[in-house]
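1. The sequence and its predicted three-dimensional model are supplied below.
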Amino acid sequence: MKAIWNGKVIAESERTLEIEGNRYFPASSVKDEFLKESSTTTTCPWKGEAHYYHLEVDGAENKDAAWYYPNPKEKAREIKGMIAFWKGVQVQE
């Protein structure tokens, strides 16, 4: 699976998880040079508190386009260390 935005492969892995229609990639498969910390957080009742990254590719920014759960709740423990994408990021095989 690949996550692509603005013509660049942001993440690529054969070991992803799909939860609620979102594909989670291992953090080690995501190219750090495209991630910029965001102060945004949200809360999911069963997964816990999500933290976000902005994506920056070739001078373009996609705010809060990636998220992760640094300390997921027990029911969502399998997504610890995983990052998911949205806001125009294409996820494909």
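-> Here it is on my side, so go on. These numbers were taken from a predicted model, which means no experiment stands behind them. Numbers count the residues shown, from 1 in each chain.

2. CA atoms for contacts and neighbours, from now on please.
-> Noted.

3. Assign a three-state SS to the residue positioned nearest the centre of the chain, would you?
-> The residue lying closest to the centre of the chain (Cα atoms, centre = their mean) is residue 84, at 2.6 Å. Reducing the assignment to helix, strand or coil with DSSP: H, G, I helix; E, B strand; the rest coil, the entry for residue 84 is strand.

4. mind listing what the residue lying closest to it once chain neighbours are set aside touches?
-> With Cα to Cα, 6 or more residues apart in numbering as the criterion, residue 84 has its nearest non-adjacent residue at 4.4 Å, and that residue is residue 24. Going by Cα atoms under 8 Å, 6 or more residues apart in numbering, residue 24 touches 16-18, 79, 82-85.

5. could you flag which of these are buried?
-> Listed as buried from the contacts of residue 24 are 16-17, 79, 82-85; burial here means 16 or more other Cα atoms under 10 Å.

6. coming back round to it: test my guess that the residue nearest to the centre of the chain contacts residue 66.
-> Yes: counting by Cα atoms under 8 Å, residue 84 sits close enough to residue 66 to count as a contact (5.5 Å).

7. show me where the chain has helices.
-> Per DSSP state H, the chain carries no helices over any range.

8. And residue 24, how close does it get to residue 58?
-> From residue 24 over to residue 58 the distance is 24 Å, taken as Cα to Cα, to the nearest Å.

9. Quick one: the strands in this structure, in order.
-> Counting by DSSP state E, the segments of the chain that form strands are 2-5, 8-12, 17-19, 22-26, 35-44, 48-57, 60-68, 82-85, 90-92.

10. The fourth one relative to strand 8-12, how many degrees between them?
-> This means strand 22-26. In this structure, strand 22-26 runs at an angle of 80 degrees to strand 8-12, with axes from the mean of the first three to the mean of the last three Cα atoms, to 10 degrees as the basis.
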